[in-house]
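Asks: dropping a prediction and its sequence here:
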Amino acid sequence: MRKKILVTGGAGFLGSHLCERLLNEGNEVVCLDNYFTGQKSNVVHLLNNPYFELIRHDVTMPFYIEVDEIYNLACPASPIHYQFNPIKTVKTSVMGAINMLGLAKRIKAKILQASTSEVYGDPQIHPQTESYWGHVNPIGERACYDEGKRAAETLFVNYHKQNNVRIKIMRIFNTYGPRMHPNDGRVVSNFIVQALKGEEITLYGDGQQSRSFCYYSDLIDGMIRLMNTGDEFTGPVNVGNPNEFTIRELAEKVIHLTGSKSKIITRPLPSDDPLQRQPDITLARQKLNWEPKIQLDEGLKHTIEYFKTIIK
Ligand code: NAD
Ligand code: UDP
Ligand code: UDP
């Protein structure tokens, strides 16, 4: 049966892939975005689909529509962008959640929140399980994003308890792939763009900090599986690829896979940069029957091919 689905942040990296998948599965999709970090070009190929609608709107403002499901992805995700206007970042997460939850409550829609591994902050347990409360500096550079997303989770849980809103909370770990903006500032896009242009690769700190990188198609698959779970399962659930790499290893892989002559240079480590991060995905395996399929080398190859087509 064709569902009508709202995707906020739908013109961004993950949102645009989600819109495309939902349309391919036979749904009607309304994509809402304020184009802060997203771009029309990410969804322009969907515009001639009669079941796709693109709307410029900011989630900090109320929004009225009738849909069956809401995926709430609106929020800048890269540190340079979410720190550009930190107050706006908090408003986007918190007021955006209130408005989308108010909408879900009124129309009795199911709603999924794109939360983040950042709710764990600089984690003191490893790998991170959903039961871990996290280690976040509430007044640090990353707080606008981390605390905004934590408050959004609190709102989701309480709209569920108080108003019976059907919710799903997904804690997304570092995800990469085609359609990341070349100036996005996140590590995978930075390194690939630098390598392809023959520029110096900017390693922050000593590069011994780690991340676990998930390819976008696996992530989108997990997101749709979560939305389709029974109402009794609300999450939060970690979705990410548990294969962990140091950032230096990532830099070396990118140089190798691009055949670049770029040299690695070091830059100061930003404050509160988490030292390590790896999802425990036991719950996702159980509840979503989900497992990432694309490992880093393969995902990087596809992503490098994409960036070759957009970098002149
Ligand atoms: P992105 O920056 O490409 O996408 C975010 C989208 O939200 C953009 O299109 C942007 O224009 C839009 N947006 C921002 N503020 C808005 C507002 N006030 N109103 C309407 N639209 C607004 O980033 P992404 O990687 O696609 O991330 C999508 C979601 O997933 C975000 O909520 C992010 O926090 C979450 N997430 C992503 C990752 C990752 O590694 N990619 C990890 C954890 C969580
Ligand atoms: N809201 C919205 N669309 C709707 C219903 C509500 O954008 O269809 C917004 C509205 O701004 C409201 C917020 O969601 O303030 C929270 O709604 P709720 O019903 O929880 O609380 P209210 O503020 O209306 O008492
Ligand atoms: N990083 C880096 N060089 C860059 C961009 C990022 O060394 O050009 C590092 C950053 O300090 C962090 C890791 O790569 O340790 C991941 O950064 P990103 O911004 O992609 O994601 P997040 O820190 O939010 O996980």
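Replies: That came in fine, so what should we check first? Ligands and ions are numbered 1, 2, ... in the order given.

Asks: can you get me a residue count around the residue of the stretch 1-150 of the chain found nearest ligand 3?
Replies: Taking Cβ to the nearest ligand atom as the measure, the stretch 1-150 of the chain has residue 79 as its residue closest to ligand 3, at 4.9 Å. (Each C-beta comes from the backbone N, C-alpha and C, glycine too.) Around residue 79 sit 18 other residues, with neighbours defined as other Cβ atoms under 10 Å.

Asks: isn't residue 40 right up against residue 56?
Replies: No: in this structure, residue 40 sits apart from residue 56 without contact. The criterion is Cβ atoms under 8 Å, and the distance is 9.2 Å.

Asks: higher neighbour count, these two?
Replies: Neighbours per residue, other Cβ under 10 Å: of residue 40 and residue 56, the larger number sits with residue 40, 14 against 10.

Asks: can you tell me the element residue 7 falls in?
Replies: strand 4-8 (DSSP states H and E).

Asks: the next helix or strand after that strand near ligand 1 anywhere?
Replies: On the C-terminal side of strand 4-8, the nearest following helix or strand under DSSP H and E is helix 13-24. Yes: with Cβ under 6 Å from any ligand atom as the threshold, helix 13-24 lies in contact with ligand 1, specifically through 13-15.

Asks: can you check stretch 180-200 too?
Replies: No: for stretch 180-200 and ligand 1, the contact criterion (Cβ under 6 Å from any ligand atom) is not met; the two come no nearer than 6.6 Å.

Asks: buried sites along that stretch?
Replies: For stretch 180-200, burial by neighbour count (16 or more other Cβ atoms under 10 Å) applies to 180-181, 184-196.

Asks: residue boundaries of the strands in the stretch 1-150 of the chain?
Replies: Taking DSSP state E, counting those that start in this stretch as the criterion, the stretch 1-150 of the chain contains strands spanning 4-8, 28-33, 52-56, 69-72, 110-116.

Asks: quick check: most distant residue from the centroid of this protein.
Replies: Among the residues of the chain, the one whose C-alpha is farthest from the average of all C-alpha positions is residue 261, by Cα atoms, centre = their mean at 30.8 Å.

Asks: and it, how far from ligand 3?
Replies: Applying Cβ to the nearest ligand atom, to the nearest Å, the value for residue 261 to ligand 3 is 18 Å.

Asks: dihedrals phi and psi, that residue?
Replies: Backbone torsions of residue 261, given as degrees, to the nearest 10, read phi -100, psi 10.

Asks: thought it was touching residue 197?
Replies: No: if you go by Cβ under 8 Å, residue 261 and residue 197 don't touch, sitting 11.0 Å apart.

Asks: residue 249 belongs to a helix, doesn't it?
Replies: Yes: secondary structure assignment places residue 249 in a helix (DSSP: H, G, I helix; E, B strand; the rest coil).

Asks: tell me which parts of the chain are close to ligand 2?
Replies: Taking Cβ under 6 Å from any ligand atom, the part of the chain that reaches ligand 2 is made up of 62-64, 98-99, 102-103, 105-106.

Asks: can we see that at 8 Å?
Replies: Taking Cβ under 8 Å from any ligand atom as the criterion, the chain approaches ligand 2 at residues 61-65, 98-103, 105-107, 159, 163.

Asks: out of those, list just those in helices.
Replies: For the residues of the chain next to ligand 2, membership in helices holds for 98-103, 105-107, 159, 163, with DSSP state H as the criterion.

Asks: and those, which two are furthest apart?
Replies: Put simply, by Cβ to Cβ the two of these set farthest apart are 98 and 107, 15.2 Å from each other.

Asks: which SSE is the closest residue to residue 291 other than its chain neighbours in?
Replies: Ranked by Cβ to Cβ, 6 or more residues apart in numbering and with sequence neighbours excluded, the top spatial neighbour of residue 291 is residue 285, at 6.3 Å. Residue 285 belongs to helix 282-288 when assigned by DSSP H and E.

Asks: contact partners of that helix?
Replies: Counting contacts by Cβ atoms under 8 Å, 6 or more residues apart in numbering, the residues outside helix 282-288 that touch it are 129-130, 222, 225-226, 229, 233, 237-239, 290-291.
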